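Generate a structure from the sequence data that follows.
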Amino acid sequence: MRRYLLCAVAAAALFAAGAVQAQEVAATATASAPFERADGVLVYSPAFFADARPANALDMVQRIPGFSVNQNNSVRGFSGAVGNVLFDGSRPASKDESLSGLLQRIPADQVERIELIRGGAPGVDMQGYSTVINVVRRQTDSHRVTAYGGAFVFDDGRYIPQFGIELSGASGERQYSLALNSTTSLSDGVGSGDLRRYAADGALLFEDRIESEADGSGLSLRGRWQQPLFGGEVEVNGSAGYNGFKFEQNQYGAAGDRFLTDSADHRNGEIGLRYSRPFSERVRTEARFIQRLRQSEGQQSFLLPGLDQVFAYDNTSGETILRGSATFQQSDTLTFEGGAEGAFNFLDAQQALTIGGAPIPLPSDSVRVEELRGEIFGQTTWRPTSQLTLEGGLRVERSTISQSGGADLENTFTFLKPRGSLTWSPNENDQFRFRIEREVGQLNFGDFAASAELANNVVSAGNADLSPQSAWVIEGAWERRFWEDGVVSLTVQHQIISDAIDVIPVTDGVDIFPAPGNIGDGTLTYLAAEWTIPLDRLGVPGGQLTNSLTWRDSEVTDPTTGEARGISGLRPEEFFTRFQQDIDSWRMNWGVEYQPWGEDTVYRIDQISHFRFRDYASAWVEYKPTDQWTIRAQAWMLGSYDQTRYIFAGPRNTSTLAATEIRSMEPESRIQIRVRRTF
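Here you go, the predicted structure:
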């Protein structure tokens, strides 16, 4: 069924595209090209996106060549974690909400222009990103209501309904939005397959049939208000949400049936405040406050013949951020910025493991972790010529992490985080970017507490003695723009890693458990090539082809064997391709996406797991019969997913291979139908 779903969507779209190409190649309209300002910023007017008939700012941003929305939650601090999108020159007041969600709530007719900032510009903190966009909204009165409904439908007949209503508008300098949406959680690694286990000599021990499914749904309420206040501007963001997720796997075989259930409930809330005020034509200030709270509770249950295992948890976490900054614009080409940021993070974690009804003690099964962090920063951006932009800055951070419960421990860290970048544009088409920066990763507080993967017979301990991973990042990039909206880029990056985080062995005095831990130094080098080709000149009006190819090479020291290997869970190569086409006279656009392969290897103390997928594809058609109605259909066809697990009798450095387990899955496919109406 899954192949027919994808083929049906693609065939309909191909027929439409072919008909239009045959009849209307000569009548194809040319979108207004972006223009480059004196500060090197590329400006896209609404006319550039007109053929696509965008409904919101997200539709527009997704069509900017050479740019993709990015939020890096692995770095410490506020600014870098909220991503590479600005709204009217400022980053959003929310850290919790996705940039895609914020963009989706801005109607397209309220976008005055979109600015693409490459490499840097005076007054813009790039936060390590090579490209940043600024969505500039119109200062006009408007009120908009958008409602949608639809569903995800799976190839086994299951379905998850979707619905939402969003209000947005502006009155003078006041802006507001309110959205109530259903949420959906999906997994690409479930479906039908088999599990085979072989002895060390290659003899087949058993072959079981597997049926699995996973999905979840919930509700999200989000609101935003922005208006002038006391000579400045205040923005308030608030959100609350609930989402439930359930994974079920049934395993049938001659040795008896096994059943795994993993369910979880997540609740979250956030309030964010931003106040900015200019004190003169050259000086402006900004203050931010963010409070986030999360609660997750769940249970894994694994029933085997004659035995049952249950792992339950209840975790509560929170984050408080207070930040202030001031920007001084010396001239149109020189800007200084400085400020300070403080943060408090905490996690209360309670876990319990029982086997056959008997409780099994775990290291760090009941812990509280707290982090108090302070940072001061300063930076400058200078554009000495129209072809050259320089950015330099320094952040000084000091933090104290304490843990109580399973172990009482306190560590204090101090990090200097310098950054320097240079952008050179020798002509209107080419740009070269260079960056050197020290990045410090955000610790996952969940690593301080115990966890479990009962299906793989893995129970992990928490580790109280964790240090943040840091790296010196050296990066160079070349970008060339052509044919008004075509772009090709090549990026090379090398990271010199300190205190790399991986899995290490820990003991409670009797048993040895895997746990997250620092394993020393390492390196990571990657090469990424991306290109977007407009196809109008090649006889496909409104068509666009986007490809990306990434190669990675890494090295760390295995904490179990002491030998050099790659970083656990890192994909060495990735390739992605997308074709899309706007057919203006049919008020339609369509496209296909395809990933031919992907694989990675995860190392544990007594196991090595190799994951691989093949032929993940999707196709969509979007039809807009009027400016108010949008009908979208999308199908996902996922080719295959395999896991090969090498299981040792004990630690890999001292034990022999005990068994090899091969899990071969045919993932479930799905389609999505959605109808949207704007009032």
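
can we go C-alpha only for contacts and neighbour counts from here?
Noted.

list the contacts for the residue nearest to residue 650 when sequence neighbours are not counted?
For residue 650, ignoring the flanking residues on the chain, the nearest one in space by CA to CA, 6 or more residues apart in numbering is residue 606 at 5.4 Å. Applying CA atoms under 8 Å, 6 or more residues apart in numbering, we find residue 606 in contact with 647, 648, 649, 650, 651, 652.

mind running it again at 6 Å?
Shown in contact with residue 606 (CA atoms under 6 Å, 6 or more residues apart in numbering): 648, 650, 651, 652.

Then residue 646?
So residue 646 contacts 607, 608, 660 (CA under 6 Å, 6+ apart).

Tally up the residues packed near the closest residue in space to residue 388 that isn't next to it in sequence, please.
Ranked by CA to CA, 6+ apart and with sequence neighbours excluded, the top spatial neighbour of residue 388 is residue 424, at 4.7 Å. For residue 424, the count of nearby residues is 18 (other CA atoms under 10 Å).

Report whether the expected contact of residue 424 with residue 435 is present.
No. With contacts counted by CA atoms under 6 Å, residue 424 stays clear of residue 435, the gap being 11.8 Å.

So which of the contacts of residue 646 sits lowest on pLDDT?
Among those, residue 607 carries the weakest pLDDT, at 92.

Would you confirm that that residue contacts residue 647?
Yes. Under the criterion of CA under 6 Å, residue 607 makes contact with residue 647 at 4.8 Å.

distance between the ends of stretch 416-435?
End-to-end distance for stretch 416-435: 16 Å, by CA to CA, to the nearest Å.

mind listing the strands for the stretch 501-650 of the chain?
501-507, 512-518, 522-534, 543-557, 564-565, 573-583, 588-603, 607-623, 629-648 (DSSP state E, counting those that start in this stretch).

which ones are touching residue 660?
Contacts of residue 660 by CA under 6 Å, 6+ apart are 197, 198, 645, 646, 647.

Go through these and name the one nearest residue 306.
residue 197 (20.4 Å; CA to CA).

Hmm, the closest one is touching residue 205, no?
Yes. Contact criterion CA under 6 Å: residue 197 and residue 205 qualify, at 5.5 Å.

the more surrounded of those two?
residue 197 (20 against 12).

Using the three-state scheme, assign that one.
Under DSSP: H, G, I helix; E, B strand; the rest coil, the three-state class of residue 197 is strand.

Grab the nearest non-local neighbour of residue 433.
residue 423 (4.5 Å).

who's in contact with that neighbour?
If you count contacts by CA under 6 Å, 6+ apart, residue 423 has them with 119, 388, 389, 432, 433.

rerun that using 8 Å as the cut-off
The contact partners of residue 423, taken as CA under 8 Å, 6+ apart, are 119, 120, 387, 388, 389, 390, 431, 432, 433, 434.

What's opposite the last one in the beta bridge?
With beta bridges defined as DSSP bridges, residue 434 has these partners: residue 422, residue 476.

Same question for residue 100, what's its three-state structure.
In terms of secondary structure, residue 100 is helix; the call rests on three-state DSSP.

Tell me, what's the model's pLDDT at residue 546?
In this prediction residue 546 is given a pLDDT of 95.

Look at it and say how many residues are nearby.
20.

Could you find the closest non-adjacent residue to residue 426?
Spatial nearest neighbour of residue 426, excluding adjacent residues (CA to CA, 6+ apart): residue 387 at 6.0 Å.

what about the one you found, how many neighbours?
Residue 387 has 16 nearby residues by other CA under 10 Å.

Give me the phi and psi for it.
The phi/psi pair for residue 387 (degrees, to the nearest 10) reads phi -100, psi -10.

Relative to residue 474, how far out is it?
22 Å.

go on, residue 66?
21 Å.

likewise residue 515?
For residue 515 relative to residue 474 (CA to CA), the value is 30 Å.

The two: who's more crowded?
Neighbour count, other CA under 10 Å: between residue 515 and residue 474, residue 515 has more, with 26 against 18.

how close does the more buried one get to residue 347?
Residue 515 is 17 Å from residue 347, by CA to CA.

Any idea how many residues pack against the nearest residue to residue 176 once chain neighbours are set aside?
Spatial nearest neighbour of residue 176, chain neighbours left out: residue 225 (4.5 Å); criterion: CA to CA, 6+ apart. A total of 18 residues lie near residue 225 under the criterion other CA under 10 Å.

which neighbours does the helix or strand residue 225 falls within have in its sheet, and in what orientation?
Counting by DSSP states H and E, the element that carries residue 225 is strand 204-229. Here strand 204-229 has these sheet partners by DSSP bridges: strand 174-186 (antiparallel), strand 191-199 (antiparallel), strand 232-252 (antiparallel).

Nearest to residue 482, out of those strands?
Per CA to CA, nearest to residue 482 of those: strand 174-186, 37.1 Å.

re the thing from before, I figured the residue nearest to residue 388 hits residue 389, correct?
Yes. Look at residue 424 against residue 389 with CA atoms under 8 Å: they come within range, at 6.6 Å.

Look at the residue most central in space within the chain and give its secondary structure.
Residue closest to the average C-alpha location in the chain (CA atoms, centre = their mean): residue 71, at 5.9 Å. Using three-state DSSP, the secondary structure recorded for residue 71 is coil.
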